[in-house]
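Trainee: Using only what follows, build the 3D model:
(chains A and B)
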Amino acid sequence: MTPKTSADICGMGHSMKRKEDPRFLQGKGNYIDDIVLPGMLWLDIVRSPIAYGKIKGIDSSKALEVPGVLAVLTGKDLEAYNLHWMPTLMSDTQMVLPTDTVMYQAQEVAAVIATSRYAAADGVAAVEVDYEPMKPVIDPFKALEEDAPVLRSDKDGQTDNRIWHWEAGDKAATDKVFEEADVVVRERMHVPRIHVASIETCGCVADFNPVEGHLTVYMTTQAPHAIRTVLALVAGHVGLSEEKIRVVSPDIGGGFGGKVPVYPGYVVAIAASVVLGKPVKWIEDRMENLQADSFARDYHMAAELAADADGKIRGLRIKTLADHGYSDAQAAPSKFPAGLFSICTGSYDMEQAYAEVDAVYTNKPPGGVAYRCSFRVTEAVHCMERVVDTLAHRIGKDPAELREENFIPKEAFPYQSPLGWEYDSGDYQAAMDKAKEMIGYDDLRREQAEKRARSELMGIGVCSFTEVLGAGPSKDFDILGIKMFDSAEVRVHPTGKAIARFGTKSQGQGHETTYAQIIAEELGLPAAHVQVEEGDTDTAPYGLGTYASRSTPTAGAAGAMAARQIRDKASKIAAHLMEVSEEDLEWEPGKFSVKGAPDRSVTIQDCAFAAYTNLPEGMEPGLEATNYYDPPNLTFPFGTYICVVDIDRGTGEVTVRRFVAVDDCGNIINPMIVQGQIHGGLTQGIGPALFEEIPYDEDGNNLAGSFMDYLVPTSMETPAWETGHTITPSPHHPLGAKGVGESATVGAPPAIANAVVDALAHLGVTHLDIPITPDKVWDILNEKGVAE
Amino acid sequence: MATHQISVTVNGEAHAAEVESRTLLVHLIRDELRLTGTHIGCDTTHCGACTVLLGGKPTKSCTVLAIQADGCEIGTVEGLAGADGMHPLQEGFWEKHGLQCGFCTPGMLMTGAALLAENPNPSEGEIREAISGNLCRCTGYVNIVKAVRYAADKMGAAAAETANAATDGEDN
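Mentor: Numbering: from 1, shown residues only, chains lettered A, B, ... in the order given. Next comes the predicted model:
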């Protein structure tokens, strides 16, 4: 795509170097733990060693004798203010601190406030808690058995461990398709509990000013405005009203969905600051982060595909059990308890589909957040892309060919999916063609055949995913009732420079650069002259934040619309300055000129100066605009990923030899940043595919509670990603963009899993659950008698 | 808790500090000296966000006691840029989009600096091995490898220029 603007202006399509980088490169970022306020105290948390049990007593006396320890807060203390419970973003409830029962290992039990980081930790070690352990419910299937204890007996009317049932599609019609189908394939799969593990953990500095009754909370949040509203709703009864709460989200060291929820630590730090009248800092360590913060995934899926004998897909049926742990603490839109799982029909045209999800409580940490994905899209895509391969292997057809024969054709867009989505645009064959060409698909199949003849294990995996993101249109999408619009406020200063503020919050995505480029594209001001700000609820316009790849589809669109309003006003000023009618003007980025007289022109900077100095009569001074953008539809990025894996027959180790990712995210704002997002997403795809999992033993002990056991990809396992793209603009987004941050996390795991199964298919293997660790593969090799 | 008087030289500047026996080097650097470019990511020496140069060697400062650094030279990210601007590694990370959230970046830079001091012309495999103790969740490492190569090339070219200038001088 050729950029419309010059390199000086640096609008869309330019690989502008990031404006935020110099501070990060020189150690001048401002992350949460860098913030120190005068008189600041430290908070550290006592956590439960057991998964389920009664608290018989908490003895703080020894902790209070530790030098530097000032206070110990327990659930009983918070109960006095009715602050011991809080709502989750899914309108469930969770304890801030318990008064009598602990529900999962590493649950917050008490908080120690002290004058230093070390004294607070000493205090934690000195708090004595007397527990009476109970037998926890860990297996979600057992949670549904009749004799299972009701874990959430605190909830009125709760008589079992079910949270909700969700379904989409026409069950009877789908069943009929299955009855009539030539071929039906089935696969059971578990997409396990994983953790975003951003390199920066979570934390906050709560600063309550007792004189003014004003609370400032610096916190690691992806959604500062929504969090401020939640705080006002939760703590309104103790005098914290919304105008007296300021939430500031500083530089964020990676979010990936894990920094959307409100964790008890934040609330306890706020309570401590209110009680003590001093700033209180809480920073969790890595083990607390992995053991207590919101998990992602944990979907047990049984998928079935119905097809004709030649492989034409006719129907899809999925039954899912969702393990939500102790509370439904997702951050999904309220009308979508199973997120956007109904995107599960993916890139394929079929007559009928039916999907259902049952959510249950267990004695594990609460959550269900999206690990770099748009609300359960990863689970949906994994399920579909795996079972498509099962069908291909069953009928003996090449998996790429089977996909191509079932793609929704490009002429069919906008496409109505059987589960109710209207896909905005797509050209799936183009992405497939490009991926096959880049990786040399036919040559690889020949190589595989040769290697198989020599008993070497090589596999080729294909995934053609469709995402759904940019939540979302206000008629369907809200969080706790707040519509999921997003916002931009753009102000052009007299000298032609600008400030642009947004309701979202970058966690590394590069908003300070890409948003400036959007303004540059629309106004012709150099992106270098546009200062972008986010994350301070006192200054930025209200928005729902950054997750689910929604920044470009929502706030980016708002920025474009605000800039267009400014350009409309500037056009009137330009006509005034040149004493011509507005209809006689032509616009090129940065300049209005008179039609037929191109030497007569004024720049956008001239118009900006005139907006403060020389206005048309009756015009309101200034040059600024605010836009709250309510998207008419979601966006549907897509792509085809193909990878090659080699399996070591001696160790079972899977090596990703090559990985080609062809993405289509519509029009591209900054190609360099888009490629960086794909690289990062792919790495957070290979992680869950091969290494990452938070398993629990039957007593509810977290078995991957530190980076000793929770294995994230290093530079050694990560291949040299190969990327390509096709461009199919979104017809409804003002810039034709679709969003890109999460496509690769969604598309990579099934590509890798399919490649491993492909390498083992001739041995009769049809499925392996991710993460595909060497021991799982080695067990199969051993069982099939091919281990070396 | 016993305390100790120690002295360290950080980025060429001498500091005296009184620390507890258990004070971690990273806390001395961040909380006492207020050099907050060095980050903490895991507490178990896995992530490398806290990497500094201790006596020139890349060292994870979250598992070194401050008293162990007594009398040592320490290099942190704040000391990387010179009076004439950013270090070639910093430039490389900027040019090649080798950072996103920036949290792992200071550790990556210090590890990269140590690598280039020891091996001015590393291969892709050598770079990957050198940074294998530094985790990044954002970039997928490909651009970090390119960034280190950028710096190697730039520093190599600068060194060659200096060598040529020296040779020219001898000729004259």
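Trainee: Tell me which residue in chain A sits closest to chain B.
Mentor: Using CB to the nearest CB, the single residue of chain A nearest to chain B is residue A:27, 1.9 Å away. (Each C-beta comes from the backbone N, C-alpha and C, glycine too.)
Trainee: and that residue, that's in a strand?
Mentor: No. Residue A:27: not assigned to a strand; according to DSSP: H, G, I helix; E, B strand; the rest coil it is coil.
Trainee: ok, it - contacts?
Mentor: Each residue near residue A:27 by CB atoms under 8 Å, 6 or more residues apart in numbering or on different chains is listed here: B:35-38, B:76-78, B:106.
Trainee: One more pass at 6 Å, please.
Mentor: By CB atoms under 6 Å, 6 or more residues apart in numbering or on different chains, residue A:27 lies in contact with B:37, B:77-78, B:106.
Trainee: where's it relative to residue B:31, distance?
Mentor: Distance of residue A:27 to residue B:31, given as CB to CB, to the nearest Å: 15 Å.
Trainee: Look up the closest residue to the residue of chain A closest to chain B, ignoring the ones flanking it.
Mentor: Nearest residue to residue A:27, sequence neighbours excluded (CB to CB, 6 or more residues apart in numbering or on different chains): residue B:37, at 1.9 Å.
Trainee: Would you mind listing the buried residues in stretch A:122-131?
Mentor: A:122-124, A:126-127, A:129, A:131 (16 or more other CB atoms under 10 Å in any protein chain shown).
Trainee: same question but for stretch A:530-541, I mixed them up
Mentor: By 16+ other CB under 10 Å, the buried positions in stretch A:530-541 come out as A:530, A:532, A:534-537, A:540-541.
Trainee: Spell out which residues of chain B are next to chain A.
Mentor: Within chain B, the positions adjacent to chain A are B:36-37, B:41-44, B:46-47, B:49, B:77-78, B:81, B:90, B:93-94, B:97, B:99-106, B:128, B:131-132, B:135, B:137-142 by CB under 6 Å from any CB of the partner chain.
Trainee: how's chain A carved up into domains?
Mentor: The record's domain parsing of chain A by automatic domain parsing lists A:21-29+A:486-629, A:32-134+A:202-283, A:384-469+A:633-783.
Trainee: In JSON lines, list the ones you listed along with mean pLDDT.
Mentor: Formatted as JSON lines, the domains of chain A follow (pLDDT from 0 to 100):
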{"stretch": "domain A:21-29+A:486-629", "mean pLDDT": "97"}
{"stretch": "domain A:32-134+A:202-283", "mean pLDDT": "96"}
{"stretch": "domain A:384-469+A:633-783", "mean pLDDT": "98"}
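Trainee: Among those, which comes closest to residue B:26?
Mentor: Comparing those by their distance to residue B:26 (CB to CB), the top pick is domain A:32-134+A:202-283, with 10.6 Å.
Trainee: Could you confirm whether the closest one reaches chain B?
Mentor: Yes. Applying CB under 6 Å from any CB, one finds domain A:32-134+A:202-283 in contact with chain B at A:34, A:253-254.
Trainee: the strands in the stretch 351-500 of chain A, which residues?
Mentor: A:352-360, A:367-369, A:415-416, A:422-423, A:457-466, A:478-479, A:482-483, A:486-492, A:498-502 (DSSP state E, counting those that start in this stretch).
Trainee: Pick the most deeply packed of those.
Mentor: Among the strands of the stretch 351-500 of chain A, strand A:367-369 has the highest mean neighbour count (mean count of other CB atoms under 10 Å in any protein chain shown), at a mean of 29.
Trainee: Touching that one from outside, list them.
Mentor: By CB under 6 Å, 6+ apart, the residues outside strand A:367-369 that reach it are A:257, A:294-296, A:324-325, A:329-331.
Trainee: Pull out the buried members of those residues.
Mentor: A:257, A:294-296, A:324-325, A:329-331.
Trainee: Switch the contacts of strand A:367-369 over to JSON lines; also include secondary structure.
Mentor: Listed next are the contacts of strand A:367-369 as JSON lines, based on three-state DSSP:
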{"residue": "A:257", "secondary structure": "coil"}
{"residue": "A:294", "secondary structure": "coil"}
{"residue": "A:295", "secondary structure": "strand"}
{"residue": "A:296", "secondary structure": "strand"}
{"residue": "A:324", "secondary structure": "coil"}
{"residue": "A:325", "secondary structure": "coil"}
{"residue": "A:329", "secondary structure": "coil"}
{"residue": "A:330", "secondary structure": "coil"}
{"residue": "A:331", "secondary structure": "coil"}
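Trainee: any idea which of those is the one closest to residue A:104?
Mentor: Nearest to residue A:104 among these: residue A:325, at 6.4 Å, using CB to CB.
Trainee: That closest one is in contact with residue A:365, isn't it?
Mentor: Yes. Contact criterion CB atoms under 6 Å: residue A:325 and residue A:365 qualify, at 5.2 Å.
Trainee: okay, the buried residues of stretch A:530-541 in TSV with distance to residue B:9 and secondary structure next?
Mentor: As requested, the buried residues of stretch A:530-541 are exported to TSV (distance: CB to CB, whole Å; DSSP: H, G, I helix; E, B strand; the rest coil):
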residue	distance to residue B:9	secondary structure
A:530	42	strand
A:532	39	strand
A:534	39	strand
A:535	37	coil
A:536	38	strand
A:537	43	coil
A:540	42	coil
A:541	48	coil
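Trainee: what's the most distant pair in the residues you listed?
Mentor: Among the buried residues of stretch A:530-541, A:530 and A:537 lie farthest apart (CB to CB), at 21.5 Å.
Trainee: Contact residues of chain A facing chain B?
Mentor: Within reach of chain B by CB under 6 Å from any CB, chain A has these residues: A:17, A:21, A:24-27, A:29, A:34, A:198-200, A:253-254, A:285-286, A:507-508, A:672, A:676, A:679-680, A:682-683, A:706-708, A:712, A:714-716, A:718, A:720-721.
Trainee: buried stuff in stretch A:308-321?
Mentor: By 16+ other CB under 10 Å, the buried positions in stretch A:308-321 come out as A:311-321.
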